[in-house]
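> Please find the sequence and the predicted model below.
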Amino acid sequence: MTKSITLIEGDGVGPEIVNAALRVIDASGVHIEWDICEAGAKVFKQGLATGIPKETINSLKRTKVALKGPLETPVGYGEKSANVTLRALFETYANTRPVRHIPGIQTPFSHKAIDFVVVRENVEDLYAGIEYLQTPSVAEALKLITREGSEKIIRFAFEYALSEGRQKVHCATKANILKLTEGLFKKIFEEVSNEYPTIEAHHIIIDNCAHQMVVRPEMFDVIVTTNLQGDIISDLGSGLVGGLGVAPAANIGDEVAIFEAVHGSAPDIAGKNSVNPTAILFSTVLMLRYLKEFEAAHRIEQSLLYTLGTLRAFTKDLDKNSNLTTTAFTDIVIQNLGKETDFWKPRSYKPLHLPKVRDVPRSISRKEVGVDIYIESSFSAESLGKSLEEIALPSPFYLKMISNRSVQVYPSLEGIKPDMTDQWRARFFLKNENESISDIELLNFIERVGHKHLWMHIEKLQEFNDAPAFTKAQGES
Ligand code: NAI
C-alpha cells in the first residue's frame, strides 16, 4: 500500500540530505507518496512569522508523518524557531535519540558497547519560555512540569523499550535539588514502573547520568528525562558515537511524528555535495519502523552498517582525506541494500504502542497557609524584616522569614553572610492556621505591603492533602 508522507526539505544542506533519503527509501522497495511542503528560512523571508505555512500544517494533519530537513530561523525574521513551532503545534512530546556505536567510526569510546536511547520530554519544562525580569538585575524562568506530561513520556519510554526488546529504563532527574518539579517526574516514574514488571527501572541523578554515560555508557538501555536535561544528555550521546553527521532523531506525538537528523542546516557546506547523509538515513530507518515497514528499515540499516563498517566509505566529516560526495555515498548505500552484517545484534522490533494518559480526577484537600511576596528593595535584610513585621502586625499574617537568592537572611542565620541582590522573598504564614483567608483579605495585605515596598510577584502557599506544596529556603526551619 502506498503511504502518503509530508516532506520538508528544509534549509542549507536540507535538500541534499533529503534527496539522499528519498533515493534510498525508493530503492528499498517501500512506496511512498511524498507531499512536498515548505517551512523555514524561505517562508520567514516571505513574511510569515511562524515559518510554517498553512499548507504544511494541513499536510501534516492529513499524513500524520513527516520527514524533515533542518530549518533555519534567519536573523531578523520571526522570534520563534519553526522547529519549536512544529513541535508545539503537533505536540510531538517524545524526542527519541538512539545512541549506538557505529562500526567504522572511531571515537574515544569505540571499544564500548554503546547502545541506548535517550527519550526526552519535548514540550514542557523551561522550554515553555516563560521568563521575567523581576528586578533590573534578577531574571526568572518558570520550569513547568505536569503530572500528565510526565506520565505520558515515562509510559512512552517503557513502551519504546518493549517495542525494541530493551530491558532497562533509567529515569534521570535532578530530584535531589528540585524536589517538586523533577521530584514529580521521579515519583511518577516510580508509580508507572510498577506496571512494567518485565523491565528493570532505575532512578539516576542527572549529573551522575552524564558521568556514567562517559565512563560506563554500556550500562544504559533507555534513559527518560525532562526537556532541558534531555537536550544536554542527548547531545552528549551523539558525541559518544561520532557526532552530528550520524545522529538521528524522532519527534513523536499522539497524532503526528516528525523524523529528522539531529544536525542543523550546516550553511558552511550547503550546496557542495559534501554533507554526510548518514544521520537522515538512520532517521528514515526510525520512520520506517514507526510505519511498521520493518523489512525495509532493516535493509537500509544493514546497508549503512556495511557501507561504514565494512567498506569504510566516509564523507569528509568522518575522514578529512576523503573526497566521497553525498551522492556517491548514497549510491554506495543503494548498491549495498540487501547486504547483511553482524555488527549489531539483531533486535526483534514490534510496533510502538503509544500510551494513552487519562486525566484521572483525584480527590485532593487543599488549604492556603500563607503567601510569598517578592519585593525589590535596597534595604538591608534587618531593616526590611523589621518593616515587614510592623506591616504584618495588624494583619492575619506573620513574617516567617525573608530569603535572598533562596537563602534565609532574616531572621539571620548564625555565621551565614550570602551575597545579596535587590530581590527578596518575604514568606508570611497565617497567624491562625485553622482560619481560612479570603482573596480580599490577601489583597488588602498585599496593598499594605505595597504602600511601603515595591513588590512584583506573589505566590500563594498551599498544602495539598496536608503536605506543603512549596519548598523551604536554604536554612529555613
Ligand atoms: P549545524 O549542525 O548546522 O552545523 C555545525 C557544524 O557541523 C558545521 O560545521 C557543519 O558543517 C557540520 N555538520 C553538521 N551536520 C553535518 C553533516 N551531516 N555532515 C557534515 N558536516 C555536518 O549547526 P549550526 O551551525 O549551529 O546551525 C545552523 C542552522 O541550523 C541554525 O540556523 C540553526 O538554528 C539550525 N538548526 C536546525 C536544527 C533542526 O532543524 N532540527 C537543529 C540544529 C540547528
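Nice, I can see it.
> Quick one: residues contacting the closest residue to the ligand within the stretch 201-350 of the chain.
Closest to the ligand within the stretch 201-350 of the chain is Gly264: 2.4 Å, counting by CB to the nearest ligand atom. Bear in mind the C-beta positions are built from the backbone N, C-alpha and C, glycine included. By CB atoms under 8 Å, 6 or more residues apart in numbering, the contact set of Gly264 is 12, 70, 72.
> Now do the same for it: its pLDDT.
Per-residue confidence for Gly264 comes out at a pLDDT of 94.
> in the sheet, who's paired with Tyr410?
Taking DSSP bridges, one obtains Ile402 as the residues bridged to Tyr410.
> follow-up on the earlier one: so which helix or strand takes in the residue of the stretch 201-350 of the chain closest to the ligand?
Taking DSSP states H and E as the definition, one finds Gly264 inside no helix or strand.
> sorry, back to before: now list the buried members of the contacts of Gly264.
Listed as buried from those are 12, 70, 72; burial here means 16 or more other CB atoms under 10 Å.
> show me what contacts the second one?
If I follow you right, that is Pro70. Residues counted as contacts of Pro70 (CB under 8 Å, 6+ apart) are 10-14, 40, 260-261, 263-266.
> just curious, which of the residues you listed is nearest to Thr278?
Closest approach to Thr278 among the contacts of Pro70 (CB to CB): Ala261, at 8.5 Å.
> Can you name the residues bridging to the closest one?
With DSSP bridges as the criterion, Ala261 is bridged to Pro248.
> Just give me the neighbour total for it.
Applying other CB atoms under 10 Å, we find 31 residues neighbouring Ala261.
> hang on, it packs against Thr284?
No: under the contact definition of CB atoms under 8 Å, Ala261 does not touch Thr284, with a separation of 9.9 Å.
> how about the contacts of Gly264 in CSV, adding distance to the ligand?
Shown next, in CSV, are the contacts of Gly264 (distance: CB to the nearest ligand atom, whole Å):
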residue, distance to the ligand
Gly12, 6
Pro70, 4
Glu72, 4
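> so where do the strands sit in the stretch 1-150 of the chain?
Per DSSP state E, counting those that start in this stretch, the stretch 1-150 of the chain has strands spanning 3-8, 32-37, 65-68, 94-100, 115-121, 131-135, 138-141. These are given in chain order.
> The fifth one packs against which elements?
Taking 3 or more CB pairs under 8 Å, 6 or more residues apart in numbering; DSSP states H and E as contact, the helices and strands that strand 115-121 lies on are strand 94-100, helix 147-163, strand 222-225, helix 227-240.
> mind saving the C-alpha coords of the longest one as CSV?
So the one you mean is helix 147-163. What follows is helix 147-163 as a C-alpha-only set of coordinates in CSV (Å, rounded to 0.1, in the frame of the first residue of the first chain):
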residue,chain,number,x,y,z
ARG,A,147,1.7,15.1,36.1
GLU,A,148,0.1,14.3,32.7
GLY,A,149,3.1,15.4,30.6
SER,A,150,5.5,13.4,32.8
GLU,A,151,3.3,10.3,32.9
LYS,A,152,3.0,10.4,29.1
ILE,A,153,6.7,10.5,28.4
ILE,A,154,7.5,7.9,31.1
ARG,A,155,4.9,5.5,29.7
PHE,A,156,6.3,6.2,26.2
ALA,A,157,9.8,5.3,27.4
PHE,A,158,8.6,1.9,28.7
GLU,A,159,6.6,1.3,25.6
TYR,A,160,9.6,2.2,23.5
ALA,A,161,11.7,-0.3,25.5
LEU,A,162,9.1,-3.0,24.8
SER,A,163,8.9,-2.3,21.1
